[in-house]
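> requesting a structural model of the entry that follows:
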Amino acid sequence: LDLPQLRTYRLGETDVREKLAGLGALEPVQELIVSMLSRDPSQRKPAIYYLREWCKHVVPKSFVNCLFPLSVLMLHPLYQQPDLRIALLRHNFSALLWSVVGKKLIAGVLKQEESEVGE
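This is a model prediction of the structure:
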């Protein structure tokens, strides 16, 4: 939404659902955003509720299990130094790879490489 659209929304003249549907947003995404943008503050839920719902219905499991905790850890003052960030990623690279790519895909690639080496 741009500024004029936000103004009309504030006055109750714009429906956010129509905008989201026009963007092709999934139903769970639409419901969460509409709830977040409710004009009545008492209708809005706490931020932690939205984070949990977003993680449950929208983002992949790798975000919840690996990428989000890693990004939170990177906010720690210790990891503001680039060398320590690289060390952290290097130390956890295999866990990141397994979480993001998936065990089945990696296992398939490894089996393929083994058969190529045998030839």
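> which regions of this protein sit below the pLDDT cut-off?
The model of the chain has pLDDT under 70 over residues 112-119.
> contacting residues around L88?
Contact analysis of L88 by Cβ atoms under 8 Å, 6 or more residues apart in numbering lists L70, L73, M74, Y79. Just so you know, the C-beta spots here come from the backbone N, C-alpha and C atoms, and that holds for glycine as well.
> what's the closest of those residues to K103?
Ranked by distance to K103 (Cβ to Cβ), these are led by L70 at 18.4 Å.
> output the helix or strand hosting the closest one as CSV, nothing but the C-alphas.
Counting by DSSP states H and E, the element that carries L70 is helix 68-74. Written as CSV, here are the backbone C-alpha positions of helix 68-74 (Å, rounded to 0.1, in the frame of the first residue of the first chain):
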residue,chain,number,x,y,z
PHE,A,68,15.7,-17.7,12.5
PRO,A,69,17.8,-18.9,15.5
LEU,A,70,21.0,-18.2,13.5
SER,A,71,19.9,-14.7,12.6
VAL,A,72,19.0,-14.0,16.2
LEU,A,73,22.4,-15.3,17.3
MET,A,74,24.1,-13.0,14.7
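> dump the contacts of L88 into CSV; add neighbour count and distance to I33 as well.
Shown next, in CSV, are the contacts of L88 (neighbours: other Cβ atoms under 10 Å; distance: Cβ to Cβ, whole Å):
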residue, neighbour count, distance to I33
L70, 17, 25
L73, 13, 28
M74, 14, 27
Y79, 17, 31
